[in-house]
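1. Pasted the sequence and its predicted model underneath.
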Amino acid sequence: MADLPDYYTQTAISEAEAAGLKGGLDANKSAAPVSRDIYLATDTHILYVCFTDGAWVNMNALYLLLAGGTMSGNIAMGTKKLTGLGAPASQNDSLRYGQAEIRNAEIAAAAEIAYEKLDLYLGIVNLDIAPGATIAYTKLFLTAQIVMADLAAAIKNAANGIVVLDASADVPDAQIPDLAAGKITSDRFPVDRLPAMTDEKIWKGTGGNVEEVDMPSGWATLTVAETEVFSGITPTTWTDLDLSGTVGSNVALVLLKIGGGSFSGVGVAFRKNGDTDEFFAATSVTGVGAALIEGLTNVISYVFVVAADATGKVEWKTGAALDSRTVDIIAYIK
């Protein structure tokens, strides 16, 4: 029987075959790879292939990874979508559908979008606002300066100043034109247009303006009071009489009247609070600047001029305790 031919398979090595496949730490890959070497870095999970002797090619960098990575060129989506985007956290993050920027030209004229829904931080110019929008100026982002060119002609005068203002607008004096037409050059300024004054103050001209100042110390005001300050039994020892409720807690020259019945034969005296002079005789009318008026019916009223101290008080006494007597302030100067 003749020998049968030997059958065997011959495997030819071609350019497409790997010359070597190794793995290990990324730092341990060969620094001088040869063509068709393959290396898998087990710590960084990067697959390296050598196409040209001496140079590795990072195969991971040639394709989109499922996690991480940095693009070095544009991505053409071919009408496909990017879905499942996270919320943007910084200016360069991708926007989701609900946060896409809408430009003014993309809003239909009849859209009727409430201005409260707009982000007014961005620059909305005068031409973007319809004349009937009635947007309150407090809603505008006013850190950006509004120039005169942005204002309608109807609210400007020939000198390019504002002539129509909301009555509640607080316009600094420096922004009001210093023009003769805006000043009072004759006649009188209505009193009701002046600010309310503080009590006991006067106006003084200073540098062309008017300011409140204290009344000069040399001035005194006469006030007619006709106010009762005592009613009851008269004191027989020097006793404080508080007049401050009428004349104030201050020094004053006071005109007093005592009455309510006869003082015949009974001495009456007043003095400044704290004064140690007696000014008194038990059976005769005495006092500082005292005057006596006696009626035909013997009902007597005494009138005294006396100084009150810095607290608005005087002292007084009578030669006998008389009931139902009164003390009135007729007038005072302070």
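-> That came in fine, so what should we check first?
2. Distance of Leu85 relative to Ser262?
-> To Ser262, Leu85 is 106 Å away according to CB to CB, to the nearest Å. Where C-beta positions appear, they are placed from N, C-alpha and C, glycine not excepted.
3. More neighbours: which of those two?
-> Ser262 (16 against 13; other CB atoms under 10 Å).
4. so what pLDDT did Ala55 get?
-> According to the prediction, Ala55 has pLDDT 94.
5. That one and Pro33 touch, don't they?
-> Yes. Counting by CB atoms under 8 Å, Ala55 does reach Pro33; the two are 7.2 Å apart.
6. what's the spacing between Thr237 and Thr276?
-> From Thr237 over to Thr276 (counting by CB to CB), the distance is 14 Å.
7. For the stretch 151-300 of the chain, just list every one of the strands.
-> 201-206, 209-214, 222-232, 239-242, 252-259, 268-272, 291-294, 300-308 (DSSP state E, counting those that start in this stretch).
8. Can you tell me which of these has the worst average pLDDT?
-> strand 291-294 (a mean of 39).
9. Helices of the stretch 151-300 of the chain, start to end?
-> 244-247 (DSSP state H, counting those that start in this stretch).
10. Flag the shaky bits of it, pLDDT-wise.
-> 151-195, 217-218, 279, 282-300 (pLDDT under 70).
11. Ala55 and Pro33: which is more packed in?
-> Using other CB under 10 Å as the criterion, Ala55 and Pro33 rank with Pro33 on top: 23 against 11.
12. Now do the contacts for the more buried one.
-> The neighbours of Pro33, taking CB atoms under 8 Å, 6 or more residues apart in numbering as the test, are Tyr39, Tyr48, Cys50, Asp53, Gly54, Ala55, Trp56.
13. what about it, which SS state?
-> At Pro33, secondary structure determined by DSSP: H, G, I helix; E, B strand; the rest coil is coil.
14. did I read that right, Ala27 in a strand?
-> No. Under three-state DSSP, Ala27 sits outside any strand and is assigned helix.
15. mean confidence for the helix or strand where Val49 lies?
-> Val49 belongs to strand 46-52 when assigned by DSSP states H and E. Mean pLDDT, computed over strand 46-52, is 92.
16. helices or strands up against the helix or strand just after it?
-> Using DSSP H and E, the helix or strand that follows strand 46-52 towards the C-terminus is strand 55-58. In this structure, strand 55-58 makes packing contacts with strand 46-52, judged by 3 or more CB pairs under 8 Å, 6 or more residues apart in numbering; DSSP states H and E.
17. and the strand it packs on, which strands flank it?
-> Using DSSP bridges, strand 46-52 pairs in its sheet with strand 37-41 (antiparallel), strand 55-58 (antiparallel).
18. Pretty sure Ala331 sits against Thr227.
-> No. Using CB under 8 Å as the test, Ala331 is too far from Thr227 to be in contact (9.8 Å).
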